[in-house]
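Visitor: Show me the folded form of this:
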Amino acid sequence: MTVYFIGAGPGDPDLMTIKAVKTMARCPVILYAGSLIPTQVIDSVRESAEAIYDTAEMNLDETTAVIEKAAKEGKDVARLQCGDPALYGAIGEQIRRIEALGIDYEVIPGVSAVAASAAMLKKELTLSGVSQTVIMTRYEGKTPFPERERLPALAQSGATLAIHLGITRIHKIVEELIPHYGEDCPIAVCYRTSWPDQDYVVGTLADIVAKVRLKKFTRTCLILVGKVLDTEDFADSYLYDKGQAHIFRKIHKSKK
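Guide: Sure thing, here's the model as predicted:
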């Protein structure tokens, strides 16, 4: 018996990996959070699965009890996690519980909201001479943050920022970023990326709060910040530069 922590992707069932779909299909017990994962993701296993649990209203003790029962019955469990399990997936505490119970498990990665949102915006988050670093973080709320990871400290890098779980504090985020990025810095707020009702708004740090309020976004948003979102002033990378040789490509000198 094995518990599979499966990255269900950002919402669109077609963005699940082949391995994720195949693994879910052979598990008789399915756990997923209906508040974070659209029901379309589990449509393909509704008839084949023996039991499907929406964990949105369940606590850790309750989900662990379901897994423990399945283990005693020798039934594999698919524990679906939105996006990629390694990013704000809360699998750490789940793994700690099942390890204590001696239950085997495997983690299957998934497409993150960051990747899906960049694709929706048709943007590259790393551009030569603009930003070579993406910082994924969340805004401080109930979860305590060490000082070195608070937003003003991270903003000093000037890197592209991907801020999760911060839409209700968008005004505070803007206040803390303007001193480091400037009021004209591009920002995008992506709502329920890849869900049927996905939406987004783009602007600058100077006007994004008003734009978000007009959209009435209050939850399930990813905030992307950085010059990469709105610039044509970047150099071509060395990746395909004909003047740069690497192990797979030699420089072809012109014949005289």
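
Visitor: these two touch, right, Pro109 and Leu87?
Guide: No. With contact defined as Cβ atoms under 8 Å, Pro109 does not reach Leu87; the gap is 9.7 Å. (C-beta placed from N, C-alpha, C; glycine too.)

Visitor: gap between Tyr88 and Pro144?
Guide: 15 Å (Cβ to Cβ, to the nearest Å).

Visitor: Neighbour count: the two, which is higher?
Guide: Remark: of Tyr88 and Pro144, Tyr88 carries more neighbours, 18 against 6, as counted by other Cβ atoms under 10 Å.

Visitor: which residues touch that one?
Guide: Contacts for Tyr88 (Cβ atoms under 8 Å, 6 or more residues apart in numbering) come out as 138, 164-165.

Visitor: Assign a three-state SS to it, would you?
Guide: Look at Tyr88: counting by DSSP: H, G, I helix; E, B strand; the rest coil, its state is coil.

Visitor: The protein: strands as residue ranges?
Guide: 2-7, 29-32, 51-54, 77-81, 104-108, 134-138, 160-164, 186-191, 199-204, 221-225 (DSSP state E).

Visitor: mind checking how far the first one is from the chain centre?
Guide: Taking the mean C-alpha point of strand 2-7 and that of its whole chain, the gap between them comes to 17 Å (Cα atoms, centre = their mean, to the nearest Å).

Visitor: same question, stretch 196-206
Guide: 16 Å.

Visitor: Throw the contacts of Tyr88 into CSV and include neighbour count, thanks.
Guide: Shown next, in CSV, are these (neighbours: other Cβ atoms under 10 Å):
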residue, neighbour count
Arg138, 17
His164, 18
Leu165, 19
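
Visitor: Just put these in JSON lines and tack on pLDDT.
Guide: As requested, the contacts of Tyr88 are arranged in JSON lines below (pLDDT from 0 to 100):
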{"residue": "Arg138", "pLDDT": "91"}
{"residue": "His164", "pLDDT": "95"}
{"residue": "Leu165", "pLDDT": "90"}
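
Visitor: List just the nearest of the residues you listed to Phe217.
Guide: Nearest to Phe217, judged by Cβ to Cβ, of the contacts of Tyr88 is Leu165 at 12.7 Å.

Visitor: Roughly how far does the closest one sit from Glu176?
Guide: Applying Cβ to Cβ to Leu165 and Glu176 gives a distance of 15 Å.

Visitor: Check Leu60 too.
Guide: 32 Å.

Visitor: cool, Ile170 as well?
Guide: 11 Å.

Visitor: Neighbour count: the two, which is higher?
Guide: Neighbours were counted for Ile170 and for Glu176 using other Cβ under 10 Å; Ile170 has more, 22 against 18.

Visitor: That one contacts Val212, doesn't it?
Guide: Yes. Ile170 lies in contact with Val212 (Cβ under 8 Å); the separation is 5.4 Å.

Visitor: Overlap of the contact sets of these two?
Guide: Joint contacts of Ile170 and Val212 (Cβ under 8 Å, 6+ apart) are Val189.

Visitor: and Ala100, how far is that from Asp76?
Guide: Counting by Cβ to Cβ, the gap from Ala100 to Asp76 is 19 Å.

Visitor: Can you pull the poorly scored residue ranges out of this protein?
Guide: Scanning the chain for pLDDT under 70 picks out the ranges 238-247, 249, 251-256.

Visitor: mind redoing it with 80?
Guide: 141-145, 233-256 (pLDDT under 80).

Visitor: any idea how it splits into domains?
Guide: Listed by automatic domain parsing, the domain ranges of the chain are 2-108, 113-229.

Visitor: Quick one: end-to-end distance for the first one.
Guide: Domain 2-108 has an end-to-end distance of 12 Å (criterion: Cα to Cα, to the nearest Å).

Visitor: With stretch 121-131 instead?
Guide: 17 Å.

Visitor: ditto for stretch 110-128
Guide: 27 Å.

Visitor: Next, the residue lying closest to Arg150 once chain neighbours are set aside: phi, psi?
Guide: Nearest residue to Arg150, sequence neighbours excluded (Cβ to Cβ, 6 or more residues apart in numbering): Glu140, at 6.2 Å. The phi/psi pair for Glu140 (degrees, to the nearest 10) reads phi -60, psi 130.
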